[in-house]
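Novice: Sharing a model that was predicted from the sequence below.
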Protein chains: 2
Amino acid sequence: MHSKPGILVSVETLSERLISRGWRMTSQRRVIARVFDVVGAEHIHLTADDVHERAARLLPEISRATVYNTLGEMVDAGELLAVNVGDRVMRYDPNVYTQHHHLVCSVCNVIFDVQASVLPVADSVDVAMIAPGFQIESADVIFRGRCAACR
Amino acid sequence: MHSKPGILVSVETLSERLISRGWRMTSQRRVIARVFDVVGAEHIHLTADDVHERAARLLPEISRATVYNTLGEMVDAGELLAVNVGDRVMRYDPNVYTQHHHLVCSVCNVIFDVQASVLPVADSVDVAMIAPGFQIESADVIFRGRCAACR
DNA sequence: CTCTATCTTAGACATAGTCCAATCTTGGAC
DNA sequence: GTCCAAGATTGGACTATGTCTAAGATAGAG
């Protein structure tokens, strides 16, 4: 892997960005990138098995191990976000250019990307008391409730 | 199970609260409650296997299934919080009486309870656009960073 | 003390993900 | 175009966490 995380490559598709990053292109990586290119960027939270299933429709012999490897590399490169909304499954979110949080329906588990109008700020006095020297780098917020269809 | 979630029983120990709730008391439930009674309430986030290991020191023949069943029932009763900080493991948090969020060290994975001075509020206009009719009921916040020891 | 609804158990099963050694492929050198 | 080494892919074994089931044990009401 030649690319470094955080180097923003502003090209339209994920496939093209991987090339710009100097990735060796294989048919496996092409179909995985394609899976994300066809669905767009917002409100997409695919599990590794979702990605494998869709990739296998284009390249039937692709293995689960490759899907896991490649998704991990894409996360390291900053092209995907690994999101976990509280179940045991990691989900891969291509919406890496706009800061957002997640809205999860506790009935049907649909996940939406949302802006948060107030960013959470940990109480610095409390943090200093509880965990002196702790440096906060990010905050993940999961809003839970019921979507219109499940009410 | 006779108790209902949300019925606050203000007794000192978890063991006593379970009795107040009308739970049939068994040696298994006593030792599981004891595990939480001895560690206190704040900054405690035990996995099911942590609980099993500690319970087994008091009652060696206790089974994993019973630990899982009992933890689930305690969560349903509102005596424990099931917390997941993004890995595949559920953790059980006895701090159910004070609203708090979690501070997680990305190196050593230590978890602290923290107050958040600004509660996150989803942008209602955005929610109305993105997910019309969605009713938000709660928000989980995970602050990530590095603790003093890991910096 | 009896009896039954409830609880506990071992172990099979499910799910999500990791790891490894063998094999194959890409893409630069020529 | 051909070569070839670094890097990518593979199947399958393995791990970790949690769920399920049917058989047996037990708390506690009466």
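Specialist: That came through fine. This structure is a prediction, so every number in the text was calculated from the model and none was measured. Numbering: from 1, shown residues only, chains lettered A, B, ... in the order given.
Novice: so where do the helices sit in chain A?
Specialist: A:14-20, A:27-39, A:48-58, A:64-76, A:124-130 (DSSP state H).
Novice: what about the last one and chain B, touching?
Specialist: Yes: legend: contact between helix A:124-130 and chain B by CB under 8 Å from any CB of the partner chain is shown at A:124, A:126-127, A:130. (Each C-beta comes from the backbone N, C-alpha and C, glycine too.)
Novice: name the helices or strands packed onto the helix or strand bottoming out on mean pLDDT in chain A?
Specialist: Lowest on mean pLDDT, DSSP states H and E among the helices and strands of chain A sits strand A:116-118, with a mean of 78. Applying 3 or more CB pairs under 8 Å, 6 or more residues apart in numbering or on different chains; DSSP states H and E, we find strand A:116-118 packed against strand B:121-122.
Novice: Tell me which residues touch residue A:31, please.
Specialist: Residues near residue A:31 by CB atoms under 8 Å, 6 or more residues apart in numbering or on different chains: A:55, A:58-59, A:62.
Novice: Most widely separated two among those?
Specialist: Maximum pairwise distance among the contacts of residue A:31 (CB to CB): 8.3 Å, between A:58 and A:62.
Novice: Output the longest strand belonging to chain A.
Specialist: For chain A, the strand that runs over the most residues, judged by DSSP state E, is strand A:135-146.
Novice: so what does that strand touch, helix or strand wise?
Specialist: Strand A:135-146 makes packing contacts with strand A:101-105, strand B:135-146 when contacts are defined by 3+ CB pairs under 8 Å, 6+ apart.
Novice: For residue B:105, see how far away residue A:148 is.
Specialist: Distance, residue A:148 to residue B:105, using CB to CB, to the nearest Å: 38 Å.
Novice: Single out the most deeply packed of the helices and strands packed on strand A:135-146.
Specialist: Across the helices and strands packed on strand A:135-146, the average number of neighbours (mean count of other CB atoms under 10 Å in any protein chain shown) peaks for strand A:101-105, which reaches a mean of 23.
Novice: Go through the helices of chain A and name the closest to residue B:113.
Specialist: Among the helices of chain A, the nearest to residue B:113 by CB to CB is helix A:124-130 (7.2 Å).
Novice: So which bits of the closest one are buried?
Specialist: Along helix A:124-130, these residues count as buried under the neighbour rule (16 or more other CB atoms under 10 Å in any protein chain shown): A:126-127, A:130.
Novice: can you put these in CSV and add pLDDT?
Specialist: Output for these, formatted as CSV (pLDDT from 0 to 100):
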residue, pLDDT
A:126, 85
A:127, 89
A:130, 93
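Novice: Pick the one among those closest to DNA strand D.
Specialist: Taking CB to the nearest atom of the strand as the measure, DNA strand D lies nearest residue A:130 of the buried residues of helix A:124-130, at 24.8 Å.
Novice: what's near enough to touch that closest one?
Specialist: Listed by CB under 8 Å, 6+ apart, the contact partners of residue A:130 are B:43, B:103, B:112-114.
Novice: near DNA strand D, which residues of chain A?
Specialist: Contact residues, chain A versus DNA strand D (CB under 7 Å from any atom of the strand): A:1, A:23-24, A:26, A:28-29, A:61-66, A:69-70, A:88.
Novice: filter the residues you listed by proximity to chain B?
Specialist: The subset of the residues of chain A next to DNA strand D lying close to chain B, counting by CB under 8 Å from any CB, consists of residue A:88.
Novice: Of the residues of chain A next to DNA strand D, select the buried ones using a PyMOL command.
Specialist: This is how PyMOL selects the buried members of the residues of chain A next to DNA strand D, with burial counted by 16+ other CB under 10 Å:
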select buried, chain A and resi 23+28+29+62+66+70
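Novice: which pair in the residues of chain A next to DNA strand D spans the largest distance?
Specialist: A:24 and A:88 (32.1 Å).
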